[in-house]
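Participant: Fold the following for me, if possible:
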Amino acid sequence: MLRDFQTASSDRYSLLKEYARKNRNNPTTAEVCLWQRLRGKVLGEKFKRQHVIYDYIADFVCLDRKLVVEVDGAYHFTEKQSEEDIYRTKNLEQFGFRVIRFTNDEVISKTEEVIQIIKETMEENKSVNIPNGSPHRGGDVRRTKGVCLFDKIWDAHVVQQVEDGPTQLYIDRLYAHEVTSPQAFDTLRDKGIKVFRPDHVVAMPDHNTPSDQQERIDDPVGRKQVETLKSNCEEYGIKHFTMGTKDNGIIHVVGPEKALSLPGMTIVCGDSHTSTHGAVGAIAMGIGTSEVAQVLASQCILQAKPKTMRINIEGELRPNVTAKDVALYIMAQMTTSGATGYAVEYAGSTIRNMSMEGRLTLSNLSIEMGSRAGIIAPDETTFAYLKGREYAPKGAEWDKAVEEWRKLKSDPDAVFDKEVTYRAEDIAPRITYGTNPGAGIAVDECIPTLEQIAEADRGQFLSMLDYMQFKPGQKLEGTPVDYVFLGACTNGRIEDFRAFASVVKGKKKADNVVAWLVPGSWLVRQQIIDEGIDKILEEAGFELRLPSCSACLAMNPDKVPAGKLAISTSNRNFVGRQGPGARTILASPLTVAASAIIGKITDPRKI
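Facilitator: Sure, this is the predicted structure:
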């Protein structure tokens, strides 16, 4: 697949693109990639000294790894500067690579001749013995130890390593929503820069979208954000899934379910929970608004490479224990800063046996322990989930893609910067008691006593409990709840609604409870209807609402009133997260469903 190409000032570059497209399935023919780096203004004054990265340089690389085509000596192959791992263009020949070189002027003025030379050289070069590793797009020529999945994907997307600075990383997919994108588009507009790869950007509103109706947005700020996103997408030719249409929903639900997120990709969005997409075997990271502007302008981002951590979960989960409980358990063990500075890979038998929806929930919550990303190696579960979806490869292209995706796993001898292992049997249904997702207990346990908390942490501990109106040592099971929320990019998928319905079927919602059941997308909502789940919910006294971020955060009409206690499947229980003064307990769909029926915090194993 031609991943990195944009037509430059000369129309002759379109010939290179067409050549690569027509010959991409020919094993004896080079596929051509063009990296066009922008001139420096996009990143502002702070990075003036690094403008050299963005000077116009074209690098052509034949991706069957037999040939390297270098333009003006600009190509670099490794990010690391270790003794055994510095292999630049000048010494590739000794490892069996054929290197041919052109000047930039030759590429522009003699495009047809350049293509012919590449083709002829490839034909001559069929029998070259290729060493381990891949030189294209930053991959190492040779490795002396096993490589983890994160490093494999990262290294394959390195454009250039800034000396004494960050990595310039190519991005396969940028997702944009209405809250963090307007300023990024304004940055481009102010500098007279066009969107570099509009076909690699997908946008949709979700944060401000109401869940009771979608004919209008009453809040003027939210309405303006949604309207601005639509106009920006129209101006720059970006795919936009409009509010209220069948393609719309929460961006982190829609991306995977449409197969816009695929294994091996690098994915970013101006949203913390972009880590969700790592469940398909991709590097997925939340970024800031200024970084969104970087990607819009160059399809690249400057990032420091995080350390790597593997979290193994081994064994079989007990009944009524879900992926949400696994995530809340990990956060309680590691704390909300336990993975700061790391990219986490989830592994072990529990993960391998987890459904795709469960994996998406787990990856979604990676950011809540400080992790930069949460990734899971793609396997048959991943492939079965993606196959046939709207933007997934089709036919022979699908078979070819799966063949490549099967290689996306950590080597048996891969070394991580940190590794921890937990037993699935130790995990029970979980709830939180404080104002961060790591402040959690099993649903039948008591809040820790003051003596169980480190002296340095007692002030914060008491402050959390004061806000939540709880006390040290208190048992929360049986505490009345006012609101229940099923939804969000954490638990707004079809499996979550099936789980909720399995608990409430044949029962009635407690009279004291206000319930918001909000699908993560219009596709999920249609599945709920097609499977008759909506009827089960209706008979139990629940209303199925319209797709939205809803009560996950107080940016739309679904706000929990001050002082009221909500038990929620969302991802954050911060002060005021669900509304000013609102108190939030995080839990799984099963625990939320049980609590909705009883009207109190309830262990789903007891209903």
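
Participant: roughly how far apart are K324 and T381?
Facilitator: Counting by CB to CB, to the nearest Å, the separation of K324 from T381 is 18 Å. The way it works is simple: take the backbone N, C-alpha and C, and place the C-beta from them, glycine included.

Participant: of those two, who's got more company?
Facilitator: Counted by other CB atoms under 10 Å, K324 and T381 do not tie: K324 has more neighbours, with 28 against 18.

Participant: What helix or strand is that one located in?
Facilitator: Per DSSP states H and E: K324 is located in helix 323-334.

Participant: Which secondary structure elements does that helix sit against?
Facilitator: Helices and strands touching helix 323-334, by 3 or more CB pairs under 8 Å, 6 or more residues apart in numbering; DSSP states H and E, are strand 307-314, helix 356-364, strand 418-423, strand 430-432, strand 440-442.

Participant: So which of those is nearest E531?
Facilitator: Each of the helices and strands packed on helix 323-334 has some distance to E531 by CB to CB; the shortest is helix 356-364, at 14.1 Å.

Participant: What are the contacting residues of that closest one?
Facilitator: Helix 356-364 is contacted from outside by 252, 256, 273, 275-279, 284, 322-324, 326-327, 346, 351, 354, 374-376, 381-382, 384-385, 489-491, 493-496, 571, using CB atoms under 8 Å, 6 or more residues apart in numbering.

Participant: which of the residues you listed are buried?
Facilitator: 252, 256, 273, 275-279, 284, 322-324, 326-327, 346, 351, 354, 374-376, 381-382, 385, 489-491, 493-496, 571 (16 or more other CB atoms under 10 Å).

Participant: Show only the entries of these found in helices.
Facilitator: Of those, the ones assigned to helices by DSSP state H are 252, 256, 323-324, 326-327, 351, 381-382, 385, 489-491, 494-496.

Participant: mean confidence for the helix or strand hosting Q116?
Facilitator: For Q116, the element it lies in under DSSP H and E is helix 111-124. For helix 111-124, mean pLDDT rounds to 69.

Participant: what's the very next helix or strand once past that helix packed up against?
Facilitator: Next in sequence after helix 111-124, counting helices and strands by DSSP H and E, comes helix 149-156. If you count contacts as 3+ CB pairs under 8 Å, 6+ apart, helix 149-156 packs onto strand 283-286, strand 342-347, strand 373-375.

Participant: Now distance to V158 and mean pLDDT too, for those, in CSV please.
Facilitator: Output for the helices and strands packed on helix 149-156, formatted as CSV (distance: least, CB to CB, whole Å; pLDDT from 0 to 100):
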stretch, distance to V158, mean pLDDT
strand 283-286, 12, 98
strand 342-347, 15, 98
strand 373-375, 16, 98
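
Participant: okay, those strands in JSON lines with distance to V481 next?
Facilitator: Converted to JSON lines, the helices and strands packed on helix 149-156 look like this (distance: least, CB to CB, whole Å):
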{"stretch": "strand 283-286", "distance to V481": "30"}
{"stretch": "strand 342-347", "distance to V481": "30"}
{"stretch": "strand 373-375", "distance to V481": "29"}
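
Participant: closest one to Q578 among the ones you listed?
Facilitator: Among the helices and strands packed on helix 149-156, strand 283-286 comes nearest to Q578, with 20.1 Å by CB to CB.

Participant: returning to what we had before: mean neighbour count and mean pLDDT added to the helices and strands packed on helix 323-334, as a markdown table?
Facilitator: Listed next are the helices and strands packed on helix 323-334 as a markdown table, based on neighbours: other CB atoms under 10 Å; pLDDT from 0 to 100:
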| stretch | mean neighbour count | mean pLDDT |
| --- | --- | --- |
| strand 307-314 | 22 | 98 |
| helix 356-364 | 27 | 98 |
| strand 418-423 | 14 | 97 |
| strand 430-432 | 25 | 98 |
| strand 440-442 | 21 | 98 |
